[in-house]
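Undergrad: Provided below are the primary sequence and the corresponding predicted coordinates.
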Amino acid sequence: MPRTIDYGNLMHRAMRSLIQEVLSDVQANGLPGEHHFFITFDTHHPDVNIADWLVDRYPGEMTVVMQHWYENLNVTDTGFQVTLNFGDAPEPLYIPYDAIKTFVDPSVEFGLRFETQDDDDPEDGDEVPEAPIAEIDDEDEPKKDAEIVSLDSFRR
């Protein structure tokens, strides 16, 4: 089998590194200005550590908000731990970066979405999973189609 460049996994690693860097800055300096995060993650990921009642209440995926109240943010190379408030009940959560499905900061209309890849090594004839999509989320404006630019126009 010929060697190929795995752009999908390279993008996922870069995007997860960006999340780690942002959360590390928040751990050191707090959330600046109006910044806040909506983080959606897979509650059944084997390394997620949340209370059983949260898994029962949010089977499959859960979105947490880091904005006005959070404590004990601890960012590591593999994920982050944070305590959030659920109806006046503080709950510690551990979310590995691999479990994150979306990371959105609506204050600056920034969002990352991770496409799931069920099979890292597709066999002949199998459909190749989509590459991850980094996108700007703006619910007020209609979505526009991406502009495709031919690289031929840059060749000499």
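TA: Received the coordinates, thanks.
Undergrad: contact partners for the residue lying closest to D42 once chain neighbours are set aside?
TA: Distance criterion Cβ to Cβ, 6 or more residues apart in numbering; nearest residue to D42, sequence neighbours excluded, is A99 at 4.7 Å. Every C-beta, even on glycine, is put in place using the N, C-alpha and C of the backbone. Listed by Cβ atoms under 8 Å, 6 or more residues apart in numbering, the contact set of A99 reads F41, D42, H45, D47, V48, G79.
Undergrad: let's see that with 6 Å instead.
TA: Listed by Cβ atoms under 6 Å, 6 or more residues apart in numbering, the contact set of A99 reads F41, D42, H45, V48.
Undergrad: the first one contacts D98, correct?
TA: Pointing back at F41 there. No. At 9.3 Å, F41 does not count as touching D98 under the criterion of Cβ atoms under 6 Å.
Undergrad: remind me, longest helix of the protein?
TA: With secondary structure taken from DSSP state H, the chain has its longest helix at helix 7-29.
Undergrad: now it: buried residues?
TA: Of all the residues in helix 7-29, those buried under the rule 16 or more other Cβ atoms under 10 Å are G8, M11, H12, M15, R16, I19, Q20, V22, L23, V26.
Undergrad: cool, stretch 27-37 as well?
TA: L31, H35, F37.
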